[in-house]
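Asks: Need a 3D model of the sequence below.
(one chain, ligands or ions: 2)
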Amino acid sequence: MKVVLIGLGQAGGKVTECLAEFDYDMGFDAVRGAFAVNTAKTDLQGLDIDTMLVGQNRVKGHGVGGDNELGAEIMQAEATEVMDQVSDRITTEAEAIVIVAGLGGGTGSGGAPALAKELQRVYEQPVYVLGILPGRDEGSIYQANAGRSLKTVVRESTATILIDNDAWRRSNETVEEGFKHINQQIAQRVGLLLASGEVVEGVGESVVDSSEIINTLREGGIASLGYASAEAHEDAEQNINTITSMTRKALLTGMSLPNAIEAEAALLVIAGQTDHISRKGVESARSWVEEETGSLQVRGGDFPLESDRLGALVLLGGVERSTRIQEFMDRAREAQTQEESTDPVAQFENEELDDLF
Ligand SMILES: Nc1nc2c(ncn2[C@@H]2O[C@H](COP(=O)(O)OP(=O)(O)OP(=O)(O)O)[C@@H](O)[C@H]2O)c(=O)[nH]1
Ligand SMILES: [Mg+2]
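Replies: Numbers count the residues shown, from 1 in each chain. Ligands and ions are numbered 1, 2, ... in the order given. Presented below is the predicted three-dimensional model:
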């Protein structure tokens, strides 16, 4: 699937750069444009993609300091300039626009729903938000910001692909090392998903197509992504169990939103050398995904790739009813109340999370 990436804020810019690099290094050419937009000048320096500073008249290049209402206002005021900058890349060839942002901060958190709204108004292509949820141990302002942003982003985008910052965390890591690792994980998974719909050589019936990604994401507001890989045997018959156990691992322990398995729709992509892929393995993995997710719409396909390993990529669409999302929204609601608690009256007036705009 050919896409244009727009990273907003610090996390958005870094993850976008990672994704563009992965796509380039692998020679996939699914990323047709990569931009980083921020209110903080220093965060744009050193990024190896096109950059754009916004909100200069409001914050003079110093960032919005976690104020996502200000982040939203700045993007609402400057969306036209941002869209002018990216419009050359959003040709008819581009199949989707992907906004990338950390939902817990200010610039990306507020900017993502505001830009999604404008892009949806102007373009026919789907507008996806790749949103990053703060980890549990991040402060209440991050949780509250992310809750309000998520609510608004789901309303304004075609689908929101969520990454929980706790999902692929390893122990004994500094926050910085942790981010670097998570960003690489995101780039690999999202990069493979985008590239999987791009194969043209040796197209067979079983090869996955962009439209299958789009249809899976069409089914609902929130999506998640998981991956696992394993060594392949030379003989496809020997890979039946490899494919089913890899698929189990991807769905049960490898998702970007852990413990959110109930879904409206799913896509199972098996990546690897075509003569390593067992049809029987693929079929049984697919019916297992059907059972686990409770979805009647489980699509599937191969992603032919020169490798001595096999990979299983699982995309779930419509996971918003999962307990993981409910838990997060509760955490965000509680955090918003805490943030408002300087005004004792406000606490009782509103138990709901406010929309950002
Ligand atoms: N996965 C990942 N998350 C990050 C990274 N950097 C920051 N975050 C997360 O993103 C949120 C903060 O968003 P930032 O992108 O730093 O904020 P911003 O959009 O630049 O907004 P302001 O700095 O307030 O203007 C927090 O929840 C962080 O945990 C990163 O490199 N990778
Ligand atoms: Mg910042």
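
Asks: Please count neighbours and contacts with C-alpha atoms only from this point.
Replies: Fine.

Asks: Residue 234 versus residue 320, what's the distance?
Replies: Distance from residue 320 to residue 234, counting by CA to CA, to the nearest Å: 40 Å.

Asks: Looking at the two, which is more packed in?
Replies: residue 320 (19 against 13; other CA atoms under 10 Å).

Asks: ok but that one is inside a helix, no?
Replies: No. Using DSSP: H, G, I helix; E, B strand; the rest coil, the assignment for residue 320 is coil, not a helix.

Asks: looking at it, it is touching residue 222, isn't it?
Replies: Yes. Residue 320 lies in contact with residue 222 (CA atoms under 8 Å); the separation is 5.5 Å.

Asks: What pLDDT does the model give residue 44?
Replies: Looking at residue 44, its pLDDT is 98.

Asks: How about the one 3 residues further on?
Replies: Residue 47 is assigned a pLDDT of 98 by the prediction.

Asks: Which of the three states applies to it?
Replies: Under the three-state scheme (three-state DSSP), residue 47 adopts coil.

Asks: Roughly how far does it sit from ligand 1?
Replies: Counting by CA to the nearest ligand atom, to the nearest Å, the gap from residue 47 to ligand 1 is 12 Å.

Asks: give me the number of residues near that residue?
Replies: 16.

Asks: Repeat that for the one 5 residues further on.
Replies: Residues near residue 52, counting by other CA under 10 Å, number 17.

Asks: Please save the CA atoms from stretch 35-43 in CSV.
Replies: C-alpha atoms of stretch 35-43 as CSV (Å, rounded to 0.1, in the frame of the first residue of the first chain):
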residue,chain,number,x,y,z
PHE,A,35,7.3,14.6,6.7
ALA,A,36,7.8,15.7,10.3
VAL,A,37,5.8,18.7,11.6
ASN,A,38,6.5,20.1,15.0
THR,A,39,6.2,23.3,17.2
ALA,A,40,9.7,22.6,18.6
LYS,A,41,12.5,23.6,16.4
THR,A,42,15.2,21.5,18.0
ASP,A,43,13.2,18.3,17.7
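
Asks: in that stretch, what counts as buried?
Replies: Going by neighbour count (16 or more other CA atoms under 10 Å), the buried part of stretch 35-43 is 35, 36, 37, 38, 39, 40, 41, 43.

Asks: all strands for the stretch 251-357 of the chain, in order.
Replies: Residue ranges of the strands in the stretch 251-357 of the chain, as given by DSSP state E, counting those that start in this stretch, are 265-272, 297-304, 309-317.

Asks: quick one, which of those strands is nearest to residue 229?
Replies: strand 309-317 (4.1 Å; CA to CA).

Asks: what's the spacing between the closest one and its chain's center?
Replies: Distance of strand 309-317 from its chain centroid, counting by CA atoms, centre = their mean, to the nearest Å, is 14 Å.

Asks: Tell me the helices and strands packed up against it.
Replies: helix 210-218, strand 222-231, helix 240-253, strand 265-272 (3 or more CA pairs under 8 Å, 6 or more residues apart in numbering; DSSP states H and E).

Asks: ok, and which of the ones you listed has the densest surroundings?
Replies: Comparing the helices and strands packed on strand 309-317 by mean neighbour count (mean count of other CA atoms under 10 Å), strand 265-272 comes out on top with a mean of 27.

Asks: what angle do that one and helix 210-218 make?
Replies: 140 degrees (axes from the mean of the first three to the mean of the last three CA atoms, to 10 degrees).

Asks: now for the longest helix along the chain, which elements pack on it?
Replies: In the chain, taking DSSP state H as the definition, the longest helix is helix 175-196. Where contact means 3+ CA pairs under 8 Å, 6+ apart, helix 175-196 is packed against helix 9-26, strand 222-231.

Asks: Next, the angle strand 309-317 makes with the last one.
Replies: Inter-element angle recorded for strand 222-231 and strand 309-317: 170 degrees (by the same axes, to 10 degrees).

Asks: Repeat that for the longest one.
Replies: Orientation of helix 9-26 against strand 309-317 (the same axes, to 10 degrees) gives an angle of 140 degrees.

Asks: Can you name every helix or strand that helix 9-26 contacts?
Replies: strand 3-8, strand 31-38, helix 41-44, strand 96-102, helix 107-122, helix 175-196.

Asks: Quick one: name the residues of the protein near ligand 1.
Replies: 9-12, 14, 63-67, 102-109, 134, 142, 165, 179, 182-183 (CA under 6 Å from any ligand atom).
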